[in-house]
Structure formats: structure tokens, C-alpha cells
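**Q** pasted the sequence and its predicted model underneath.
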Amino acid sequence: MKCFVTGASGFIGSNLVHELIAHGHRVKALLRPGADERGLQGLKFERATGDILDRKLLAREMEGCEWCFHVAASYALWMRNYAPMYETNVEGTRNVLETAGKVGCRKIVYTSTVGCIGLPKPVKGKITPATEHERVSDGQMSNDYKRSKFRAEAVASELFRKTALPIVIVNPSAPIGPGDVKPTPTGQLIVDFLNRRMPAYLDTGLNWVHVRDVAIGHILAAEKGTLGQRYILGNAQGNWTMHQTLAVLEKITGLPAPKIKIPNWLALRAAEANEMISFFTGKPPRAPVAGVRMAKYKMWFDPSKAILQLGLPQTPPEQAFANAVAWFRANGYVKK
């Protein structure tokens, strides 16, 4: 298949390009001018330069592509002005999906996030990981990134219902592994651990998944996904507390994990003060309020649907962390 990929220079996008080529597909990657292409080094693909807000460019470059993977998104937990984020994530998504439909793409895979799925609810003191059926509440829309992605997913669902576009939605959880060039917030956690910049931690929980499994999950969604459905791309064994996560990193690296657990209320006050400084300096806060608010919850998810219906790989999360650590060490992210 000839595949059109937006967000190809990002963490998930670059790994997706790797996997598409490895599976014998041809790739046309949409890259913004000046994009960091380190994650794509050594790969043979066709390049398109431009922005997802340019419909004419999209129509021209997407012509002849059979599959479209819309991975591009504006991801930040703090910005001085969030308007560009909404424009990229909501209107950009509409542009890509509608254009893919017009040029005749046979499958359109939209990359959403588990942030658009309701958080797990404790039952008798036990947390049951959430499935695709869990509705997200207004209270869980705690930041502009989540709100913008929620609106974007609503656009994808509406286009499927009203115009029968061949759309499948995937909702990655917390990917880790090689190629996290920027790095992402989850990758930054590992980098901070390796550089001994994590004196304490917050009591939270995430569903960790190998980024390659997420990339392969995109391809499986194009091959086998039911149109109009969404699939959590996570790991059934990856629902860990932060304490468990740091213990695994300690075992992999031989470095001691932080022992101090910060109360959420204290972290929130510090984050508010940090953001106040950032408003004047323009530099993103080290711990944004949005991140601290999300950390109040155990963000645990059940990927059974993707495992059963798509055959989503389940690389052990420990292996994902080991691969990430090795990649960060080999690529100069760890101070000597």
C-alpha cells in the first residue's frame, strides 16, 4: 500500500514509518519545514513538506495514497496561547480526514489518545482498567490538550457517521521505547531518572506500552479495524503505579529510585507558582499544573479489544523501558 503519514517526525509517527517500510509499504511523509528528522534517519520514503492546515497541499500530496495515518498533533500541557493547538488538533484533523476521503483513501486511521476515554472507577477499593466504552466526564477534561483531542475525535466520529468515511480511531496509552527524539513527557521521565533529576515522585498510575506495539497497532487497525470503532493501544500488563515504574527503572539501570512521595496538593501549589513564572519568561514550566492534575488519577486502561480483534502485540513493558533506557544512553541524553 502507498501510505500517507502526518506527524511523521514525532515519536509515534517515526516509529510508524519504520514499521510501514518494514512491512513492505511505501510511505509519503508529511513534514513541516524545519522538522527534526532524526527519528527517520536511514529510511527511504517520499517527502511532502507543508502543514495540515493547507487543504490544497493535502489534496495534492495525498493523491494516489491508499491508506492515510493522521498522527500529527500539537501536544503541550502549557502554552501562553492555546488557540494554535485547537486549530491544529481540531481543524487540522478535519482537513486531513476530509481530504483523505475526497482523494479515495481506502482506510483512514486517526490517532487519538486515551485521554478521550473515561478514567477507571474504583469498585470496592479496586481499580478496574477502563475500556473503550468508558465515557469521559467534564471533570476529566482537565487541560486544553485533552479538550482539543476530544473535539478532534468527535470530528472523526461525526465524519464516519455522516459521510461514511472509512475511519478507524486508535487511542494510544503511554508509549515508551527507542526514537523519542524530543523527548515526550513520558520519555522525559526516563531521562530525568537517568540524570538524577528526580528527587521525589507523585503517586499516579499509567498504562505503559512499547512504542513499536503502538506503531504496529496502527497498521493492524488499517488492515483489520472495524470502521467507526476505536481501539486502545496499550499493554494488558502495563498498568503500573509510579512507585512500580521507578522500581523497574532502578532494576534496569542500577540507579536508586527516589523514595520521597510528594502529596498532590503540595505539587499543585508548586506547579501554580512555576506557571506564574513561565507566563513572564515564556519558558514552559518543568511541572505544569495540567500534569499535576492528571497525576491525581490512576490512568489505567484495558487493551483487550485491540488484542482480540487486531492482534495487538504485547511486548513486556519492562522490555520497553530497557529499550528506552538503552536508546537515551546511546544518543547523548544522559550526562556523564
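**A** Alright, I've got the coordinates.
**Q** residue contacts, Arg121?
**A** Not quite, residue 121 is Lys, not Arg. Ile127, Thr128, Ala130 (Cβ atoms under 8 Å, 6 or more residues apart in numbering). From N, CA and C alone the C-beta is placed, and that goes for glycine too.
**Q** which of those are buried, as a PyMOL select command?
**A** To isolate the buried members of the contacts of Lys121 in PyMOL, using 16 or more other Cβ atoms under 10 Å:
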select buried, resi 130
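**Q** which single one of the contacts of Lys121 is nearest to Val334?
**A** Val334 lies nearest to Ile127 out of the contacts of Lys121, by Cβ to Cβ, at 33.6 Å.
**Q** how close does the closest one get to Thr186?
**A** Using Cβ to Cβ, to the nearest Å, Ile127 is found at 20 Å from Thr186.
**Q** all helices of the stretch 1-150 of the chain, in order?
**A** 11-22, 55-62, 83-86, 92-103, 144-163 (DSSP state H, counting those that start in this stretch).
**Q** could you dump those helices into CSV with mean pLDDT, mean neighbour count and distance to Arg47 added?
**A** Shown next, in CSV, are these (pLDDT from 0 to 100; neighbours: other Cβ atoms under 10 Å; distance: least, Cβ to Cβ, whole Å):
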stretch, mean pLDDT, mean neighbour count, distance to Arg47
helix 11-22, 98, 24, 11
helix 55-62, 97, 17, 10
helix 83-86, 93, 14, 24
helix 92-103, 98, 22, 17
helix 144-163, 95, 19, 25
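**Q** closest one to Val170 among the ones you listed?
**A** Among the helices of the stretch 1-150 of the chain, the nearest to Val170 by Cβ to Cβ is helix 11-22 (9.6 Å).
**Q** between the helices of the stretch 1-150 of the chain, which gets nearest to Leu30?
**A** helix 55-62 (6.7 Å).
**Q** what angle sits between the closest one and helix 92-103?
**A** Helix 55-62 and helix 92-103 are oriented at 50 degrees to each other (axes from the mean of the first three to the mean of the last three Cα atoms, to 10 degrees).
**Q** and helix 55-62, how far from the chain's centre?
**A** 25 Å (Cα atoms, centre = their mean, to the nearest Å).
**Q** what's the answer for stretch 136-151, then?
**A** With Cα atoms, centre = their mean, you get 15 Å for stretch 136-151.
**Q** for that stretch, which outside residues touch it?
**A** Stretch 136-151 is contacted from outside by 73-77, 79, 82, 85-86, 89-90, 112-113, 115-119, 290, 293-294, 297, using Cβ under 8 Å, 6+ apart.
**Q** then stretch 25-40?
**A** Identification of contacts with stretch 25-40 by Cβ under 8 Å, 6+ apart yields 1-11, 13-15, 17, 20-21, 43, 45-52, 58, 61-62, 65, 67, 72, 179, 181-182, 219.
**Q** picking that back up, so which of the contacts of Lys121 sits lowest on pLDDT?
**A** Ranked by pLDDT, those bottom out at Ile127, which has 89.
**Q** hmm, it is touching Phe301, no?
**A** No - between Ile127 and Phe301 there is no contact under Cβ atoms under 8 Å: 10.9 Å.
**Q** shared neighbours, these two?
**A** Common neighbours of Ile127 and Phe301 (Cβ under 8 Å, 6+ apart) are Pro120.
**Q** low-confidence ranges in the stretch 101-250 of the chain?
**A** 138-139 (pLDDT under 70).
**Q** okay, strands next: where are they in it?
**A** 107-111, 122-123, 126-127, 167-172, 174-176, 200-202, 205-210, 230-233, 239-241 (DSSP state E, counting those that start in this stretch).
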